[in-house]
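Engineer: Build the 3D model from these lines:
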Amino acid sequence: MFDSIDALLLARAQFAFTVSFHFLFPAFSIGLASYLMVLEGLWLATGKGVYANLFRYWLKIFAVVFAMGVVSGIVMSYQFGTNWSVFSDKAGPVIGPLMAYEVLTAFFLEAGFLGVMLFGINKVGRKLHFTATCAVAIGTFISAFWILSVNSWMQTPTGYEIGANGQFLPGPSWMAIIFNPSFPYRLVHTVLAAYLTTAFAVGGVGAWHLLRDRTNPGARTMFSMAMWMAAIVAPIQIFAGDMHGLNTLEHQPVKVMAMEGHYDSHPNGAPLILFGIPDSGNKRVDYAISIPKASSLILKHDLNAPMKGLDSVPDADKPPVGVVFWAFRIMVGIGFAMLGLGLWSLIARWRGKLHEWSWLHRAAVLLGPAGFIAVLAGWIVTEVGRQPFTIYGLLRTANSASPLDAPAVAASLLAFALVYFSVFGMGIWYLLHLMKKPPQAHESTLDGAPIRTAGITPAPAIEGSEG
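Structural biologist: Okay, the predicted model is just below:
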């Protein structure tokens, strides 16, 4: 049944499927760990019980998200040896040590303090527990650092040497490998995306409960904090994304051509195509809605700057334009929607109606999952736009796969789909079940014991300016 389907296509589909599931959880856990650190810090600094209650509320959710991220990541790593053994052999001397650094630094740090963070709230002192929370938050950032360094090196490889057997070997300086040209931009863009993903998830949950009870102090506080993040971080992310795009234009111009839908070169200024239907067969964008010369203005800061198109690239080196084109627009569209909600919240806050405007709350609920969609769309732009290479310009995807038959890859893909949708589907359902419960004024810790209350002021019935 699968003999007519290319084994390479199935291997790519399997990796895309597993990495899409996996990427959702780190994107949430990175931001959520930092949010928990802020909540506990505010609790210790102010003594307000509302922060302690919110810490315990989101700690349960973080535990589930972190566990699902670890499990999905372990499964994904096995595919390097099964479906992508040629890539592992050729790139292993460079990528292997970077992945090991991630385990030795981030994973050990997280594993060492996670138990204290989850279960030690009534067993250790407050300062030690806060130290554990900070260590876990820092560990998630370090993990992102190393993983993004690996991926960025595959996008903009530097600092390597080619061995006699065709392997990529580390050159004299590991710094050139780790801090490759695209890495700083990808790190900032991805970490900010994780913070925004968490902010809108938290804001969506807070808005959901405000629509049911505007006097709930926990819902008011989490919504206020989330809207501050949206208002402050969304414009920073748009600026960071623009800088990342300029870096991509410099090092991966073909990817930008696909993102912009530029099938043809434009010697006197390229248009900015807002919407349209890419037709790679006829090499054009049908029904295009565009702004003349705006693409050259954005990318080159000159209305009349020439822009090369895909007509200057051999067909064998072109990525799938339609997927990259639309994924990019989904990501950018959600980014501006986030900015709009952040600005709307500032107006509501200025009017003293942040917790009263129900349409603002409905919009926040609607955009609650938007961050997850945006990070997946951005990941698609990054990975599909790199095709047909695994190591950009040096190692083709077709030359990276293991010599497997299509039925074998299809069977494992089907097994992954069944297991992932059942196991992680139940996990996501449980997360939504936890979020559906409103934050209570007096919750127990994970082990069921009441929290120490000495020196902590109970949360008042209403706090109008929390966060």
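
Engineer: And the strands in the protein, which stretches?
Structural biologist: Here the chain has its strands, by DSSP state E, at 160-162, 168-170, 272-279, 284-291, 389-391, 395-396.

Engineer: With mean neighbour count and mean pLDDT added, can I get these in CSV?
Structural biologist: Glycine gets a C-beta too; all of them are placed from N, C-alpha and C. Listed next are the strands of the chain as CSV, based on neighbours: other C-beta atoms under 10 Å; pLDDT from 0 to 100:
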stretch, mean neighbour count, mean pLDDT
strand 160-162, 14, 91
strand 168-170, 17, 92
strand 272-279, 16, 90
strand 284-291, 14, 90
strand 389-391, 21, 93
strand 395-396, 17, 92
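
Engineer: how about TSV for the ones you listed, with distance to Thr46 added?
Structural biologist: Listed next are those as TSV, based on distance: least, C-beta to C-beta, whole Å:
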stretch	distance to Thr46
strand 160-162	51
strand 168-170	49
strand 272-279	46
strand 284-291	49
strand 389-391	50
strand 395-396	54
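
Engineer: And the ones you listed: which comes nearest Val365?
Structural biologist: Shortest distance between Val365 and the strands of the chain, using C-beta to C-beta, is found for strand 272-279: 26.5 Å.

Engineer: Going by neighbour count, which residues of stretch 242-249 are buried?
Structural biologist: Residues of stretch 242-249 classed as buried by neighbour count (16 or more other C-beta atoms under 10 Å): His244, Gly245, Asn247, Thr248, Leu249.

Engineer: Touching, Arg214 and His355? I think so.
Structural biologist: Yes: contact criterion C-beta atoms under 8 Å: Arg214 and His355 qualify, at 5.6 Å.

Engineer: Would you mind telling me which of the two has the busier surroundings?
Structural biologist: Higher neighbour count among Arg214 and His355: His355, with 25 against 14, using other C-beta atoms under 10 Å.

Engineer: Show me the shaky parts of this structure.
Structural biologist: 1-5, 441-467 (pLDDT under 70).

Engineer: go with 50
Structural biologist: For the chain, the stretches with pLDDT under 50 are 1-4, 443-467.

Engineer: And Leu376, how far from Gly269?
Structural biologist: 33 Å (C-beta to C-beta, to the nearest Å).

Engineer: can you check Ala231 too?
Structural biologist: Distance from Ala231 to Gly269, by C-beta to C-beta: 34 Å.

Engineer: do Leu10 as well
Structural biologist: Taking C-beta to C-beta, one finds Leu10 at 42 Å from Gly269.

Engineer: Pro157 now?
Structural biologist: The gap separating Pro157 from Gly269 is 32 Å, by C-beta to C-beta.

Engineer: Give me the more crowded residue out of the two.
Structural biologist: Pro157 (22 against 18).

Engineer: Between Arg214 and His355, which contacts overlap?
Structural biologist: Arg220 (C-beta atoms under 8 Å, 6 or more residues apart in numbering).

Engineer: OK, contacts around Ser402?
Structural biologist: Per C-beta under 8 Å, 6+ apart, neighbours of Ser402: Ala11, Thr82, Asn83, Trp84, Ser85, Val86.

Engineer: Now with 7 Å, please.
Structural biologist: Residues near Ser402 by C-beta atoms under 7 Å, 6 or more residues apart in numbering: Thr82, Asn83, Trp84, Ser85, Val86.

Engineer: separation between it and Phe21?
Structural biologist: Counting by C-beta to C-beta, the gap from Ser402 to Phe21 is 21 Å.

Engineer: can you check Pro172 too?
Structural biologist: For Pro172 relative to Phe21 (C-beta to C-beta), the value is 39 Å.

Engineer: Check Ser182 too.
Structural biologist: Taking C-beta to C-beta, one finds Ser182 at 25 Å from Phe21.

Engineer: Report how many residues lie close to Phe87.
Structural biologist: For Phe87, the neighbour count with other C-beta under 10 Å is 20.

Engineer: what's the burial count for the closest residue to it other than its chain neighbours?
Structural biologist: The spatially closest residue to Phe87, leaving aside those adjacent along the chain, is Ser400, at 3.7 Å (C-beta to C-beta, 6 or more residues apart in numbering). Close neighbours of Ser400, defined as other C-beta under 10 Å, add up to 22.

Engineer: for Trp379, what are its contacts?
Structural biologist: Phe23 are the contacts of Trp379 under C-beta under 7 Å, 6+ apart.

Engineer: you'd agree the residue nearest to Phe87 is up against Trp84?
Structural biologist: Yes: here Ser400 lies in contact with Trp84, judged by C-beta atoms under 7 Å, at a distance of 5.7 Å.

Engineer: The lengthiest helix in the chain packs against which elements?
Structural biologist: The longest helix of the chain (DSSP state H) is helix 7-46. Helices and strands touching helix 7-46, as assessed by 3 or more C-beta pairs under 7 Å, 6 or more residues apart in numbering; DSSP states H and E, comprise helix 49-82, helix 126-155, helix 183-210, helix 370-386, helix 406-436.

Engineer: Next, the angle from it to helix 49-82.
Structural biologist: The directions of helix 7-46 and helix 49-82 differ by 160 degrees, with axes from the mean of the first three to the mean of the last three C-alpha atoms, to 10 degrees as the criterion.

Engineer: Tell me what the closest residue to Arg329 other than its chain neighbours is bridged to.
Structural biologist: Nearest residue to Arg329, sequence neighbours excluded (C-beta to C-beta, 6+ apart): Phe275, at 7.2 Å. On the basis of DSSP bridges, Phe275 is bridged to Ile289.

Engineer: how much space between Phe275 and Asn282?
Structural biologist: In terms of C-beta to C-beta, Phe275 sits 18 Å off from Asn282.

Engineer: show me the contacts for Asp264.
Structural biologist: Contacts of Asp264 (C-beta under 7 Å, 6+ apart): Gly309, Asp311.

Engineer: Phi, psi for it please.
Structural biologist: Main-chain dihedrals, Asp264, degrees, to the nearest 10: phi -110, psi 150.

Engineer: Ala226 and Val205 touch, don't they?
Structural biologist: No: the criterion here is C-beta under 7 Å, and Ala226 misses it with Val205 at 8.6 Å.

Engineer: Burial check on Lys300, number of neighbours?
Structural biologist: Neighbour tally, Lys300, other C-beta under 10 Å: 17.

Engineer: which one is it nearest to, not counting chain neighbours?
Structural biologist: Computed as C-beta to C-beta, 6+ apart, the closest residue to Lys300 that is not its neighbour in sequence is Met307, at 7.1 Å.

Engineer: That neighbour - how many residues pack around it?
Structural biologist: 23.

Engineer: again, but for Lys293
Structural biologist: Per other C-beta under 10 Å, the neighbour tally for Lys293 reads 20.

Engineer: Does it touch Leu272 like I think?
Structural biologist: No: counting by C-beta under 7 Å, Lys293 stays clear of Leu272, with 8.0 Å between them.
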